[in-house]
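Chemist: Please find the sequence and the predicted model below.
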Amino acid sequence: MKIMALADVHQSKKHWLLLEEVVREIRPELVLIAGDLMPKYDGILAQVSFMPQIRQHASRIKSAGAELVMILGNDDNQLVISEMEKGEEEGLWHYVSDRVKEIRGYEFCGCPWIRDYPFAYKYWVAPDRAGEVYIDPVQLGPPAVINDQNEIETIPDLETYLKSKISVQESLENMAKQVISFADSIWLIHDPPINLGFDLCATGDRVGSPVIYDFLGGKQPLLSIHGHIHEAPSYNGGIWAQKLGSTMCIQPGQLENELSYVTFDLENRRIKNLFHSIYGNGKNL
């Protein structure tokens, strides 16, 4: 089974068109997107109106013979959750945020939650563990969240707000209780783990999650796909895949104008022919 994995297609509307082109060209059976689906440059509030385009892209990708497996990410407007669930019910894609779903003989699990970073949007930010709140010392403006009317509201007390959320660890453990075989499980986790090089920002900061690192190291799933820090492979010496015990961890990164993605063949729990590609110039890292 040929699989294509990527994240952070929110770089621009063009990235969804590039994704369509790649799918038609390389013909994967599954396309895994580990969060940040909605174009961000028109603003997060405009993302709700982009859902019809996402549906059109997904329909064309499905017509090309590929199944989409997706989660949302920290830059995605949470008001599209209901549309993501509706699209799954209609068979346009598999939406696996905070749920386990069997697809083609493997168990897919998705975690959209992240620990706090120096970004402005807070809905998908959660504590690492229950009662353990991390707040990044750098804040780009006041903490804010989108309300039910698709308006931005300032969060008056970020610590109290975060304590009310499900923790990253709870999200992962809740799904883990449903997994039948970790050796047959594939995890889409938007946040990267620490210690693998996937979390290196252009500023030099390393911002990965210790909870995710510990979870993957302890549970040893077959595969994990990450995103969030677009520039990591460009600054860490080109690292986009690492082994954590027996788990293969992948962070394709994402570029401003081209599309970064990883392809591989999956046969009997074995990952073969693992490649990182940049669509548009034929370059492999």
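Modeler: Thanks, I have it.

Chemist: Run through the helices of the stretch 151-285 of the chain in chain order.
Modeler: Remark: helices assigned in the stretch 151-285 of the chain by DSSP state H, counting those that start in this stretch are 158-163, 168-176, 210-219, 232-235.

Chemist: now for these, which one comes closest to Leu30?
Modeler: helix 168-176 (18.8 Å; Cβ to Cβ). (Each C-beta comes from the backbone N, C-alpha and C, glycine too.)

Chemist: CA atoms only for the closest one, dumped as PDB, please.
Modeler: Only the C-alpha atoms of helix 168-176 are listed here, as PDB (Å, rounded to 0.1, in the frame of the first residue of the first chain):
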ATOM      1  CA  VAL A 168      -2.200  16.300  25.600                       C
ATOM      2  CA  GLN A 169      -1.500  13.200  27.700                       C
ATOM      3  CA  GLU A 170      -5.200  12.600  28.300                       C
ATOM      4  CA  SER A 171      -6.000  12.800  24.600                       C
ATOM      5  CA  LEU A 172      -3.300  10.300  23.800                       C
ATOM      6  CA  GLU A 173      -4.100   7.900  26.600                       C
ATOM      7  CA  ASN A 174      -7.900   8.000  25.900                       C
ATOM      8  CA  MET A 175      -7.200   6.800  22.400                       C
ATOM      9  CA  ALA A 176      -4.600   4.300  23.600                       C
END
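
Chemist: how far is it from where the chain is centred?
Modeler: 16 Å (Cα atoms, centre = their mean, to the nearest Å).

Chemist: Stretch 117-136 now?
Modeler: Worked out by Cα atoms, centre = their mean, stretch 117-136 lies 16 Å from the chain centre.

Chemist: Same question for stretch 128-137.
Modeler: 20 Å.

Chemist: Could you list the buried residues of that stretch?
Modeler: Asp128, Arg129, Val133, Tyr134 (16 or more other Cβ atoms under 10 Å).

Chemist: what residues does that stretch touch?
Modeler: 115-118, 127, 158-159, 162-163, 167-170, 207, 209-211 (Cβ atoms under 8 Å, 6 or more residues apart in numbering).
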